[in-house]
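Asker: need a 3D model of the sequence below.
(one chain, ligands or ions: 3)
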Amino acid sequence: MDMAELGRALDNVRTTVPLVHCITNYVTVNDCANALLACGGSPIMSDEPDDVEDITSICGGLVLNIGTLNQRSIEGMRVAGKRAGELGHAIVLDPVGAGASKLRTDTAAELIDTLPVTVVRGNMSEIKTIAGSAAATRGVDVNPDDAVTEDNLAASADFARSLAAKLGAVVAITGAIDIVASADRAVAIRNGVATMGKITGTGCMLTCVAAAYAVANPDDVFGATVAAIAGHGLAGEVAAARMAPADGNGSFRTYLLDAICNMSADQLMAGAKIEEL
Ligand SMILES: Nc1ncnc2c1ncn2[C@@H]1O[C@H](COP(=O)(O)OP(=O)(O)OP(=O)(O)O)[C@@H](O)[C@H]1O
Ligand SMILES: Cc1ncsc1CCO
Ligand SMILES: [Mg+2]
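Answerer: Residues are numbered from 1 along each chain as shown. Ligands and ions are numbered 1, 2, ... in the order given. Model (predicted):
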């Protein structure tokens, strides 16, 4: 991986301030908006079917996060996705909880089958469900049995590459070790800290940041996704290093936002831990 490419991807976000339309869940929506602002993008949230065509038209990218889906927001995703596709916008899908319920699994499958999705980002249980393989999603968090480990890294990379080829999209599987894959390439990213899995929304935030990176770097969505994920993990490391003895999850959440906001291209290039698989 060319580290200079990562730095350029970050700088492109800061200089172009990509506007990202998010249809996302009501648990973490404020964190998503603030993460987008902190990384250098600009958020706008809207899920009303009568509103989303106009909103997505003025943006450069669209996030579809099914975390708290309902029939109206699903319709909003269909309408927005169709328009974003017509306009050639980056579409980033976060299949939250796919595998945990029929509605989530079916909706994720519908969106991926009918829309020109650019990037899919989820934990391994969710991505396995998208692939139609046996997965046991127990909620919105990864089933530990599904996690990417050093032992299954090569097989996980093969799985991610073949899914990326099938979908024609960049596939990003996050967890203790993250994998980003296109049809012919995969990397492992070893940034991040376990606390990120202990507060809600770090994945949703990352999906929105990845959308900003994809919009700002249309010629290299794979590299943009790697930069977004390595940068997010690195921000988690910076936040963890700032923790005082009495600090806990609440402070970590604030420090994470600070670290996303203060991340520089040089810091990203120096701290990214990326391995070609
Ligand atoms: N054990 C871990 N060690 C290091 N980094 C982690 C760990 N768990 C998660 N992360 C990081 O946290 C971020 C979110 O990934 P995760 O897979 O937890 O998303 P998620 O399950 O979709 O989260 P959520 O649904 O709460 O938003 C990623 O940047 C990932 O690298
Ligand atoms: C906890 C939770 N439930 C639905 S969405 C969400 C946020 C993390 O994905
Ligand atoms: Mg998630």
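Asker: what is the strand or helix carrying Asp106 packed up against?
Answerer: Per DSSP states H and E, Asp106 falls inside helix 102-114. Contact here means 3 or more Cβ pairs under 8 Å, 6 or more residues apart in numbering; DSSP states H and E; on that basis helix 102-114 packs against helix 71-86, strand 90-94, helix 124-130. Yep, even glycine has a C-beta here, placed from its N, CA and C like the rest.
Asker: try it again with 10 Å
Answerer: strand 61-65, helix 71-86, strand 90-94, strand 119-123, helix 124-130, helix 153-167 (3 or more Cβ pairs under 10 Å, 6 or more residues apart in numbering; DSSP states H and E).
Asker: now the last one against helix 102-114, angle please.
Answerer: Here helix 153-167 runs at an angle of 60 degrees relative to helix 102-114 (axes from the mean of the first three to the mean of the last three Cα atoms, to 10 degrees).
Asker: in helix 153-167, what counts as buried?
Answerer: Buried residues in helix 153-167, counted by 16 or more other Cβ atoms under 10 Å: 153, 156-157, 159-161, 163-164, 167.
Asker: can you check the fourth one too?
Answerer: Neighbour counts using 16+ other Cβ under 10 Å place 119-123 of strand 119-123 among the buried residues.
Asker: CSV please, covering those residues and showing distance to Asp219 and pLDDT.
Answerer: CSV is the format used below for the buried residues of strand 119-123 (distance: Cβ to Cβ, whole Å; pLDDT from 0 to 100):
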residue, distance to Asp219, pLDDT
Val119, 14, 98
Val120, 20, 98
Arg121, 20, 98
Gly122, 25, 96
Asn123, 28, 94
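Asker: now, among those residues, which is nearest to Val221?
Answerer: Distance to Val221 across the buried residues of strand 119-123 (Cβ to Cβ) is lowest for Val119, with 6.5 Å.
Asker: so the closest one makes contact with Ala172?
Answerer: Yes. Counting by Cβ atoms under 10 Å, Ala172 is a contact partner of Val119 at 6.3 Å.
Asker: neighbours of the residue of the stretch 101-250 of the chain found nearest ligand 3, just the number please.
Answerer: Per Cβ to the ion, Gly203 is where the stretch 101-250 of the chain lies closest to ligand 3, at 3.4 Å. The local packing of Gly203 (other Cβ atoms under 10 Å) involves 24 other residues.
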